[in-house]
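1. model this:
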Amino acid sequence: MRKKILVGILIGCLLIGMLAVPIAGTQTSEIKKIMDYPLTEEQLEKIENYEIKVNYIKATSDFEYGKKAGRMYAPIIKILPSVAPMGLKMMDMPLPSPDHASYLEDNYPEMLERLEGVQASTGVKPEQLVLLGMAFNAFLGKGGGGCTTSASAPPATVGDEVFLTWNCDLSYKYKMFLPDLISDPEVDKPEVLGMPLFFVRDIEGHNKVFCLGIPGVLEMPLLNDKGLAFVGNAVAMKEEGPGLSDIEILNKIMDDCSTVEEAKEIIEGSPRFTSGKMSLCNLNYLFGDAQGGIASIEATHQHFAVKYGKETGGVLAQANHHQWLDYHETGAASSNRAPQGYRSSWVRATRMWELLMGNKGEIDLKKVMSFAADAANGPEPGKGGYDSICRYGPRDATELIPAAPASLQEDSTILSFVIQPKEKVVWYCGAHPDEAPYIKIDVGRYFT
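-> This next block holds a predicted model:
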């Protein structure tokens with residue numbers, strides 16, 4: 001067990017080190033004070049003066065993009081192929097099928113060209129690069145994890161606005177890489193040792209895409225220049241099958257699509273990789289677009305379902321289980337307590353639905369931020385816990401699920417996003433959103 005943990009930490013440290021890229025531009029963040037935070041005026045002032053660093057990678061072709069990314073990260077990328085497979089095997093993590101490159105060639109050749117560009121700079125083969133992305137994705141989700149998301153659109157919003165929220169819940173041990181505002185306000189930035197986590201991918205012939213992750217290896221797209229935005233939830237299930245990974249499907253969508261309907265067509269028409277070993281290999285997708293559309297999509301290797309906001313009055317909520325698909329068929333979590341089910345997911349989703357439905361017609365930026373900071377279902381009033389949208393697993397998880405693994409009991413909200421597709425704005429909070437404000441990233445300025 002100790003060896004497994006050490007290998008996982010090694011993979012995480014090496015991959016995070018790959019975020020050392022030249023900074024193309026910075027911006028002074030704006031603070032949105034929506035409630036009374038337990039911070040001093042000095043701490044709030046420091047947060048207000050943060051600079052969110054966003055790297056910009058411009059290329060004339062997919063191959064050139066990969067080649068540039070490969071040159072940036074060559075010293076680290078060359079080391080990882082000898083480490084990642086060992087980590088995946090030791091931690092019983094899923095491997096893509098041997099013919100995964102053929103899925104890319106047939107369904108997403110642009111990604112294969114990017115990987116070949118990385119190979120040209122580093123000598124690391126595309127199939128190994130796929131494995132590296134899988135290793136990082138799986139490493140982050142090994143403890144189980146959980147997220148709560150929402151989407152709001154007309155007629156539920158004020159001024160025909162569109163909002164997406166995403167509370168990312170993982171074991172709080174990951175804050176060793178992303179210290180929170182309360183422990184040290186001066187270092188709570190979406191970067192590690194001055195290295196940015198955010199970047200814009202600008203490849204000629206494709207949409208410009210704002211991403212979180214590692215260029216050329218693992219890129220989580222959040223928003224494109226057409227105003228299509230994504231948030232998501234990992235889902236543990238029993239179903240297995242080869243195909244494109246959820247991250248590959250997402251990047252294809254963000255490359256080419258501008259509406260939730262177009263995103264739906266890509267997911268439904270793609271062969272989809274599903275794994276019973278790792279929840280982060282199976283996403284619930286939640287999209288919003290600048291035209292006012294929102295859509296919740298559940299997709300496994302064999303099953304597919306979509307629910308549009310126009311069917312629910314302009315609001316949608318998601319967590320880590322299936323609402324539209326039959327969980328008996330997919331093997332997704334029931335509403336029982338862990339380890340038999342994932343009751344927290346059902347409780348969090350139900351609470352988000354309550355907040356959305358109860359505020360229809362009045363939903364604005366302040367309200368969606370308060371939804372993300374909601375502490376209901378905690379150990380005491382005003383204090384979030386394992387079943388709360390703003391999650392604090394260590395407070396009461398042991399009492400609720402004493403037989404569950406310690407990793408599940410540690411789940412907490414370690415960062416949060418609010419996205420405005422029409423304005424092309426992403427709000428970032430690197431802590432529990434009931435403790436600290438969101439910082440504004442004006443992504444639109446990078447798209448112009």
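
2. can you find the helix or strand of this protein with the lowest average pLDDT?
-> Lowest on mean pLDDT, DSSP states H and E among the helices and strands of the chain sits strand 25-28, with a mean of 36.

3. show me where the stretch 301-448 of the chain has strands.
-> Along the stretch 301-448 of the chain, the segments classed as strands by DSSP state E, counting those that start in this stretch run 304-308, 315-318, 411-420, 425-429, 438-442.

4. got these as TSV, with mean pLDDT, mean neighbour count and distance to residue 99 columns?
-> To be clear about C-beta, it is placed using only N, CA and C from the backbone, and glycine gets the same treatment. What follows is these, written out as TSV (pLDDT from 0 to 100; neighbours: other CB atoms under 10 Å; distance: least, CB to CB, whole Å):
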stretch	mean pLDDT	mean neighbour count	distance to residue 99
strand 304-308	99	17	22
strand 315-318	99	27	32
strand 411-420	92	25	35
strand 425-429	93	24	36
strand 438-442	90	22	39
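
5. who wins for proximity to residue 245 among these?
-> Relative to residue 245, the nearest member of the strands of the stretch 301-448 of the chain by CB to CB is strand 304-308, separated by 16.2 Å.

6. in its sheet, what does that closest one sit against?
-> strand 294-299 (antiparallel) (DSSP bridges).

7. right, and residue 268 touches residue 303 too?
-> No. Residue 268 lies out of contact with residue 303 (CB atoms under 8 Å); the separation is 10.7 Å.

8. of these two, which one has the most company?
-> Counted by other CB atoms under 10 Å, residue 268 and residue 303 do not tie: residue 303 has more neighbours, with 18 against 13.

9. kindly provide the distance from that one to residue 312.
-> 21 Å (CB to CB, to the nearest Å).

10. same deal with residue 73?
-> 43 Å.

11. and these two? Which one has more around it.
-> residue 73 (25 against 19).

12. surely that one is in a helix?
-> Yes. Residue 73 sits within a helix when classified using DSSP: H, G, I helix; E, B strand; the rest coil.

13. could you export the strands of the stretch 301-448 of the chain as JSON lines, including distance to residue 399?
-> Shown next, in JSON lines, are these (distance: least, CB to CB, whole Å):
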{"stretch": "strand 304-308", "distance to residue 399": "34"}
{"stretch": "strand 315-318", "distance to residue 399": "26"}
{"stretch": "strand 411-420", "distance to residue 399": "14"}
{"stretch": "strand 425-429", "distance to residue 399": "27"}
{"stretch": "strand 438-442", "distance to residue 399": "31"}
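
14. quick one: closest of the ones you listed to residue 50.
-> Closest among these, using CB to CB: strand 438-442, at 5.7 Å.

15. angle of the closest one against strand 425-429?
-> Angle of strand 438-442 versus strand 425-429, following axes from the mean of the first three to the mean of the last three CA atoms, to 10 degrees, is 150 degrees.

16. okay, now the sheet partners of strand 438-442, with direction.
-> strand 31-32 (antiparallel), strand 425-429 (antiparallel).

17. how about it as CSV, C-alpha atoms only?
-> Provided in CSV are the C-alpha atoms of strand 438-442 (Å, rounded to 0.1, in the frame of the first residue of the first chain):
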residue,chain,number,x,y,z
TYR,A,438,-14.2,33.9,-6.4
ILE,A,439,-11.6,35.6,-8.6
LYS,A,440,-12.6,36.7,-12.1
ILE,A,441,-10.8,35.5,-15.2
ASP,A,442,-11.8,37.6,-18.2
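
18. surely residue 401 and residue 408 touch.
-> Yes. Judged on CB under 8 Å, residue 401 makes contact with residue 408 at a distance of 6.7 Å.

19. which neighbours do the two share?
-> Common contacts of residue 401 and residue 408 (CB atoms under 8 Å, 6 or more residues apart in numbering): 338-339.

20. returning to what we had before: export the strands paired with strand 438-442 to JSON lines and tack on distance to residue 208?
-> Shown next, in JSON lines, are the strands paired with strand 438-442 (distance: least, CB to CB, whole Å):
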{"stretch": "strand 31-32", "distance to residue 208": "25"}
{"stretch": "strand 425-429", "distance to residue 208": "14"}
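
21. how much space between residue 104 and residue 114?
-> 10 Å.

22. who has more neighbours, those two?
-> More neighbours surround residue 114 than the other of residue 104 and residue 114, with 31 against 24 (other CB under 10 Å).

23. wait, what's in contact with that one?
-> If you count contacts by CB under 8 Å, 6+ apart, then residue 114 has 62-63, 65-66, 69, 216 around it.

24. quick one: the strands in the stretch 151-300 of the chain, in order.
-> 163-171, 191-192, 195-196, 198-203, 209-214, 218-224, 229-234, 283-288, 294-299.

25. buried residues in the fourth one?
-> By 16 or more other CB atoms under 10 Å, the buried positions in strand 198-203 come out as 198-203.

26. closest to residue 318 out of those?
-> Taking CB to CB as the measure, residue 318 lies nearest residue 198 of the buried residues of strand 198-203, at 23.0 Å.

27. what's the closest non-adjacent residue to the closest one?
-> Leaving aside its chain neighbours, residue 198 sits nearest to residue 54 (4.8 Å; criterion: CB to CB, 6 or more residues apart in numbering).

28. cool, residue 422 as well?
-> Once flanking residues are discounted, residue 422 sits nearest to residue 290: 4.8 Å by CB to CB, 6+ apart.

29. burial measure for the one you found, as a count.
-> 20.

30. same check on the one 4 residues further on?
-> Taking other CB under 10 Å as the criterion, the count of residues near residue 294 is 28.

31. quick one: pLDDT of it?
-> As predicted, residue 294 sits at a pLDDT of 99.

32. how far away is it from residue 370?
-> Counting by CB to CB, the gap from residue 294 to residue 370 is 19 Å.

33. could you do residue 346 as well?
-> 22 Å.

34. next: residue 391.
-> Applying CB to CB to residue 391 and residue 370 gives a distance of 15 Å.
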